[in-house]
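Q: Provided below are the primary sequence and the corresponding predicted coordinates.
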Amino acid sequence: FISGVDKGRNNSVVCDSYLKTSAKDVFCAGDICEYPDKYVGGPHRVEHWNHAMQMGAYAAFNILDKRAEYTTVPFFWTRHWNKS
């Protein structure tokens, strides 16, 4: 689906903490993106819609050369036994 970028686990796209890929002028956001996460101590990929929206905003800032490092703490919503 995409060529010219470094790929990570499960065919993810590897990027740096500014969401820039190994390809010139190509940024990444969302559940396809594998980024360095200081909280988990290595590469991380989160498949959650809220996380994708946050990453999109950071990628947009970095496309505009605002140098916004993505350091958001990953989280998940869950429901067990019909309770949140």
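A: The structure has been received and is ready for your questions.
Q: Strands along this structure, start to end?
A: Remark: strands assigned in the chain by DSSP state E are 13-14, 33-37, 42-44.
Q: Determine which of those strands approaches Asp25 most closely.
A: Proximity to Asp25 (Cβ to Cβ) singles out strand 13-14 among these, at 14.2 Å. Backbone N, C-alpha and C define where each C-beta goes, glycine included.
Q: who are the neighbours in contact with the nearest residue to Gly56 once chain neighbours are set aside?
A: Excluding its sequence neighbours, the residue lying closest to Gly56 (Cβ to Cβ, 6 or more residues apart in numbering) is Ala29, at 4.5 Å. Applying Cβ atoms under 8 Å, 6 or more residues apart in numbering, we find Ala29 in contact with Leu19, Ala52, Met55, Gly56, Tyr58, Ala59.
Q: how about a cut-off of 10 Å?
A: By Cβ atoms under 10 Å, 6 or more residues apart in numbering, the contact list for Ala29 reads 13, 15, 19, 35, 51-60, 62, 70.
Q: Write the PyMOL selection for whichever of the residues you listed are buried.
A: Of the contacts of Ala29, the buried ones go into a single PyMOL selection, burial set by 16 or more other Cβ atoms under 10 Å:
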select buried, resi 13+15+19+35+51+54+55+58+59+62+70
